[in-house]
Every structure is written in structure tokens, then in C-alpha cells.
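Novice: Just the structure for this:
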Amino acid sequence: MSSVCIQIVEGNPQLRSLLGWHLQQAGYSVCQSADLRHAQDVFFHRQPTLAIVDSDLPDGDGVEFARWLYEQHQCLVLMLSARSNEADVVTALKAGADDYICKPFGMQEFLARVEALLRRHRTMAPPAYLEYGDIKVDIVQRRVRYQDQPIELTPQEFSLLYVLAQAGGTPLSRSELLQRAWPDAIDNPRTIDTHVLSLRKKIERDPRQPNLIQTVRNVGYRFNLTGAESSPQPLPTQDFQEAYKANSHSLNGLNPTSPLSVSGKGKRGVVPQSSTVSHSVRG
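Specialist: Numbers count the residues shown, from 1 in each chain. Got it, this is the predicted structure:
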């Protein structure tokens, strides 16, 4: 089986199963989601190369999910939709979809479009780093620079910072952070508090009044993208950081796994032909 993972986000269970079966027969690894909430969790756990997203989902707008996927810099998007007018196609492609196919469609056309997108993926080099304002995350070396100064992070801290930043300012519960940063860990979610405290000591000007990693009462934590972009204050001095590290809690016991399977992606898709292939699939 191919190492390529394809995520299907489709509210119609029959169509979702049919597409999944054909993709598996073609040799791809497949994960399926019926709604946006589950789709986001699956994305963080599986890090798919391609997401096939229906434009109309039970709990939200598939086009907005495509936009969110585009912002992750990690995933190609093939949009499925019963909407065939030009305005809807253009909106989806501008939101971040790499291709758009109208329902009903033929299975051979569908598989050909999948293969075409994956060929594009194979010819593009993945980004070496991601930037969030003053924070630069080196994906290959798993290193972080803040205001152009290197920050020494443990593997656990790196994964935690990455997951928080990738959430785009959305608050995440301790359980969600634990599952996304270290899927194989069995620690109590409260372990997150220890790592957040340690991370704040390394990247916040004043850890007692954090600006970048903010606590959301009764929820968990969020990454303040505005703070990352506009904070004018320098980092603590090296001596100050060393003093903090000398008194930080032990971080042993976690089994960190990297959530950083990142691939490049195109910014424009291919507008589909208006004709319908025989033996078509309807959603």
C-alpha cells in the first residue's frame, strides 16, 4: 500500500464509503470523516497528503475547512460539490482548494484528478520552516527562533508549541493538546500545564503575565497570533533563561511523536469540465 494518506470529509455515508473503497483499491491509505469536528482531529492525527472535502457538510462549510487546511501549509485539497456555477468554483479555489469536481462525477475522472494532484505533490519540495510573526519554526531541524534568537526546546515543548500555533488562535483543551502533540502518550492531561509553564519561561517576556500562550478559563490554552506578530519586547537574557531552566520541572515520561509531516501545495486548482461522465456518482 502507498504511504500516501488521503482524508475523505463527506457527509453522505454511501458516497464516503464508495470513494474510500476505490481509493484503497488504488493502493492509498484512507481515513474518513463525516463532519468538520472529527475531520480536524483526524487531520492532526494522520497528517494526510490530500483531503477530499465536500462543500456542504452537516456541521459547517466545507469551503471554510478548505481555507483552514490551506493555512496549515500541509495538505492538498480536492473539493467535491453539487454546485456547478462559476462563482462557487472560483470561491473554493481562492479559499485554498487545489481542484474542484462537480457532482455527479465519474469514478475514473475522480481517480484521475486524485492522481494528478498527487503528481503535483511529488514535484514540490516541502517548506523547511513555518513563520508566525516573530516565531520561526524549523520543521526539518525541529528548532525554534523567536525575534531571531534561538530557543532551546525539548521535543515535548516543540510539539506543544507547534500544535498551539497551528490551531490559529483557537482555544484547545488539555486533552486535545495531549492527543495532538503526543498521540501515544498516556499521561494525565494536567501534564500539559507543566509543559506550558516551561514553554512560557522560554518564550514569554514575563511568564507571570503571558502574552503568547494564553490561558482560556474552563477550556485550556490558545496561541495569541497577534502577540507573536506585534510583541516589541526582547527575549529574556541568556542568564535569565538559564536560571529558569535550572528550576524547571522534569519533563521525563512523555513519549513525544512529531506531528510535523508537512508538504507543499499549489495555490490554484483546475476548473473542472462541465460534462458528466457515464456511471456517475451523486452525493
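
Novice: contacts, neighbours, all on C-alpha from now
Specialist: OK.

Novice: Centroid-nearest residue for this structure?
Specialist: For the chain, the residue sitting closest to the mean C-alpha position, by C-alpha atoms, centre = their mean, is Gln72 at 4.6 Å.

Novice: For it, give me its contacts.
Specialist: Neighbour list for Gln72: Gln166 [criterion: C-alpha atoms under 8 Å, 6 or more residues apart in numbering].

Novice: State the pLDDT value of it.
Specialist: According to the prediction, Gln72 has pLDDT 75.

Novice: The nearest residue to Asn224 once chain neighbours are set aside and Leu130, how far apart?
Specialist: Once flanking residues are discounted, Asn224 sits nearest to Leu212: 4.9 Å by C-alpha to C-alpha, 6 or more residues apart in numbering. Counting by C-alpha to C-alpha, to the nearest Å, the gap from Leu212 to Leu130 is 17 Å.

Novice: Can you pick out the residue with more neighbours from the two?
Specialist: Legend: neighbour count by other C-alpha atoms under 10 Å for Leu212 and Leu130, higher for Leu212 (21 against 18).

Novice: pLDDT weak spots in the stretch 101-250 of the chain?
Specialist: 123-129, 140, 184-186, 227-250 (pLDDT under 70).

Novice: All the helices of it, in order from the start?
Specialist: Taking DSSP state H, counting those that start in this stretch to define them, one finds helices in the stretch 101-250 of the chain at 107-123, 155-166, 174-181, 191-203, 225-230, 238-246.

Novice: CSV for those, including mean neighbour count and distance to Arg145?
Specialist: Compiled in CSV, these are given as follows (neighbours: other C-alpha atoms under 10 Å; distance: least, C-alpha to C-alpha, whole Å):
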stretch, mean neighbour count, distance to Arg145
helix 107-123, 15, 28
helix 155-166, 21, 11
helix 174-181, 21, 19
helix 191-203, 19, 9
helix 225-230, 16, 12
helix 238-246, 12, 14
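
Novice: Point out the one among these that comes closest to Trp21.
Specialist: Nearest of the helices of the stretch 101-250 of the chain to Trp21, taken as C-alpha to C-alpha: helix 107-123 at 11.3 Å.

Novice: Tell me where the stretch 1-150 of the chain has strands.
Specialist: Secondary structure of the stretch 1-150 of the chain (DSSP state E, counting those that start in this stretch): strands at 5-9, 29-33, 50-54, 56-57, 60-61, 76-81, 99-102, 105-106, 129-132, 135-138, 143-146, 149-151.

Novice: need those strands in TSV with distance to Ser17, can you?
Specialist: Output for the strands of the stretch 1-150 of the chain, formatted as TSV (distance: least, C-alpha to C-alpha, whole Å):
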stretch	distance to Ser17
strand 5-9	9
strand 29-33	8
strand 50-54	13
strand 56-57	16
strand 60-61	20
strand 76-81	15
strand 99-102	18
strand 105-106	15
strand 129-132	35
strand 135-138	37
strand 143-146	40
strand 149-151	46
